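>>> A structural model of the following input is requested.
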Amino acid sequence: MQAAGYALMENFVMREGRVLTPYLSNYLIPTVLDVPERVKTVILEHGDTVGPWGVRGMAEMPYLPLTPAVAAAIHDAIGVWIDDFPYTPERVLNAIQHAESRK
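Below is the predicted model of the structure:
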């Protein structure tokens, strides 16, 4: 859910050194209502040849691929790459409108 919040909701805004989204009312994070009813976990056991005893860290690893996957899904859906995230509804709509105006 941390990765989903990063990709879709957490719009940290700072201008001229001032934070413009300092409250949970304007800096959204996922809540229990955003969590899917069911999450299927798949554990792949592949040892790391670099680390001791083949151990591999996993704390932030699921965090990394979600934003690019969402970007690719948006591109597949609307045919436009969006460079800024989080992929808020406003950013997606702006990307669609910008793409249509260039046609």
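>>> CA atoms for contacts and neighbours, from now on please.
Fine.
>>> Compute the number of surrounding residues for Pro86.
Residues lying near Pro86 (other Cα atoms under 10 Å) number 21.
>>> Over to the one 10 residues further on?
By the other Cα under 10 Å criterion, the neighbourhood of Ile96 contains 16 residues.
>>> Name the next helix or strand downstream of the lengthiest helix in the chain, please.
If each helix of the chain is counted by residues according to DSSP state H, the longest one is helix 63-78. Of the helices and strands lying after helix 63-78 in sequence (DSSP states H and E), the nearest is helix 89-101.
>>> Show residues contacting that next one.
For helix 89-101, the external contacting residues (Cα atoms under 8 Å, 6 or more residues apart in numbering) are Ile78, Val80, Trp81, Ile82, Asp84.
>>> For that helix, the averaged confidence score.
Mean pLDDT, helix 89-101: 93.
>>> on that earlier part again, between the longest helix of the chain and helix 89-101, how many degrees?
40 degrees (axes from the mean of the first three to the mean of the last three Cα atoms, to 10 degrees).
>>> which helices and strands sit right next to helix 63-78?
In terms of contacts (3 or more Cα pairs under 8 Å, 6 or more residues apart in numbering; DSSP states H and E), helix 63-78 is packed against helix 2-8.
>>> What are the buried residues along the helix it packs on?
Buried residues in helix 2-8, counted by 16 or more other Cα atoms under 10 Å: Ala3, Ala4, Gly5, Tyr6, Ala7, Leu8.
>>> again with stretch 32-39
By neighbour count on 16+ other Cα under 10 Å, the buried set for stretch 32-39 is empty.
>>> Ok, stretch 13-33 next?
Neighbour counts over stretch 13-33 (16+ other Cα under 10 Å) mark Leu28, Ile29, Pro30 as buried.
>>> Could you pull up the residues touching the last one?
Right, Pro30. Pro30 neighbours (Cα under 8 Å, 6+ apart): Met1, Gln2, Ala4, Gly5, Met9.
>>> Thank you, goodbye.
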